[in-house]
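Participant: Build me a structure from this.
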Amino acid sequence: MLKRKPMRRADFLKLLSLAGVSYSSPAFSQGQVPIQPGECEVNPAFINSGPGFGNRVALTFDDGPSPGVTDRVLTELSKRSLRATFFLIGAKVDASPQLARRIVDEGHDVANHTYTHPRLSGMSDSAVEQQLIRTQDAIARATGVTPVWFRPPYGAFRREQGSIASKLGLGVAYWSVDPKDWSQPGSSTITKRVLSASQPGSIILLHDLHSQTADAVPAIFDGLIERTFTAAPFHSFVGNPYT
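Facilitator: Model (predicted):
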């Protein structure tokens, strides 16, 4: 089992307050799914950016592991000694456990993105909890790591649902840079959108689901390096939200 030393909660909160980390969730959701009243409201367990010092950003990938895409992303990360965070779908982890294990073996963080990628805001508390628990179990089984961060599909998560995540020891992570790679606008467009919007403290949202994203990541990674950004996995970028 991979062991990482998490940031202490006191240090985590101090860093966030000093760096002016934003707790507001995005004013949009993935896949052009309209935000409903009460979704994505401010909550202490919710973040959409990290500390801005050190010129650091977080590279995050949703919806994997996806054979043929995730492995390409991992290869490009390895070439540049970059570290990322993968928000995994539990059912896909069960289908490709070796690929999920490779993510951890190569030094990246894994996080929870539900078991079947449903819109959680319209579900009962018990159904939401089962989505999260099943994914925690699937990831731990495949990788030996139990996630401490969770991202709701489509960004659709009601304020009062935050207690479900916190009960399971999960912080809720949104994003601040969304190139909308899910719409497959072309690899060059994805690259331009990421590089033009990224700034210190950004949480960059990508999807290891489409080949266009895999095509774009070499230029994205090289562009971030040229701009002297450091890509940090969540355990060192924002730490453990509850430890």
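Participant: can we go C-alpha only for contacts and neighbour counts from here?
Facilitator: Fine.
Participant: Now tell me what touches the helix or strand encompassing residue 196 from outside.
Facilitator: According to DSSP states H and E, residue 196 maps onto helix 187-197. The contact list for helix 187-197 (Cα atoms under 8 Å, 6 or more residues apart in numbering) reads 177-181, 204, 212-213, 215-217, 219-220, 223-224.
Participant: Now, these that are in strands?
Facilitator: Secondary structure from DSSP state E places residue 204 of the contacts of helix 187-197 in strands.
Participant: with the contacts of helix 187-197 in mind, which one is nearest to residue 111?
Facilitator: residue 204 (14.6 Å; Cα to Cα).
Participant: ok, so what distance separates the closest one from residue 123?
Facilitator: 27 Å (Cα to Cα, to the nearest Å).
Participant: Could I get the full set of strands for the protein?
Facilitator: 46-47, 56-64, 85-88, 109-112, 149-150, 171-173, 203-207, 230-231.
Participant: For residue 105, give me its contacts.
Facilitator: No residues are in contact with residue 105 under the rule Cα under 8 Å, 6+ apart.
Participant: Now do the same for it: its pLDDT.
Facilitator: In this model, residue 105 is scored at 98, pLDDT.
Participant: Likewise for residue 240?
Facilitator: 87.
Participant: okay but it is in contact with residue 148, surely?
Facilitator: Yes: using Cα atoms under 8 Å, residue 240 is in contact with residue 148, at 6.5 Å.
Participant: Any idea which of the strands of the chain gets closest to residue 118?
Facilitator: Nearest to residue 118, of those and by Cα to Cα, is strand 56-64 at 11.6 Å.
Participant: Please compute how far that closest one lies from its chain's middle.
Facilitator: Put simply, strand 56-64 sits 5 Å off its chain's centre (Cα atoms, centre = their mean, to the nearest Å).
Participant: Okay, helices next: where are they in the chain?
Facilitator: 9-19, 70-79, 90-95, 97-105, 125-143, 162-167, 187-197, 211-226, 234-237 (DSSP state H).
Participant: Could you dump these into TSV with distance to residue 50 added?
Facilitator: As requested, the helices of the chain are arranged in TSV below (distance: least, Cα to Cα, whole Å):
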stretch	distance to residue 50
helix 9-19	7
helix 70-79	21
helix 90-95	25
helix 97-105	22
helix 125-143	23
helix 162-167	19
helix 187-197	15
helix 211-226	16
helix 234-237	7
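Participant: now for these, which one comes closest to residue 56?
Facilitator: Judging the helices of the chain by Cα to Cα, what sits closest to residue 56 is helix 234-237, at 7.7 Å.
Participant: buried set for that closest one?
Facilitator: 234, 235, 237 (16 or more other Cα atoms under 10 Å).
Participant: Which other helices and strands does that helix contact?
Facilitator: For helix 234-237, the elements it packs on are strand 56-64, judged by 3 or more Cα pairs under 8 Å, 6 or more residues apart in numbering; DSSP states H and E.
Participant: Show me what the strand it packs on is packed up against.
Facilitator: Using 3+ Cα pairs under 8 Å, 6+ apart, strand 56-64 is in contact with strand 85-88, strand 203-207, strand 230-231, helix 234-237.
Participant: Buried deepest among these, which one?
Facilitator: Of those, the one with the most neighbours on average (mean count of other Cα atoms under 10 Å) is strand 85-88, at a mean of 27.
Participant: just checking, what packs against that strand?
Facilitator: Using 3+ Cα pairs under 8 Å, 6+ apart, strand 85-88 sits against strand 56-64, strand 109-112.
Participant: what mean pLDDT does the shortest one have?
Facilitator: So that's strand 109-112. On average, strand 109-112 scores 98.
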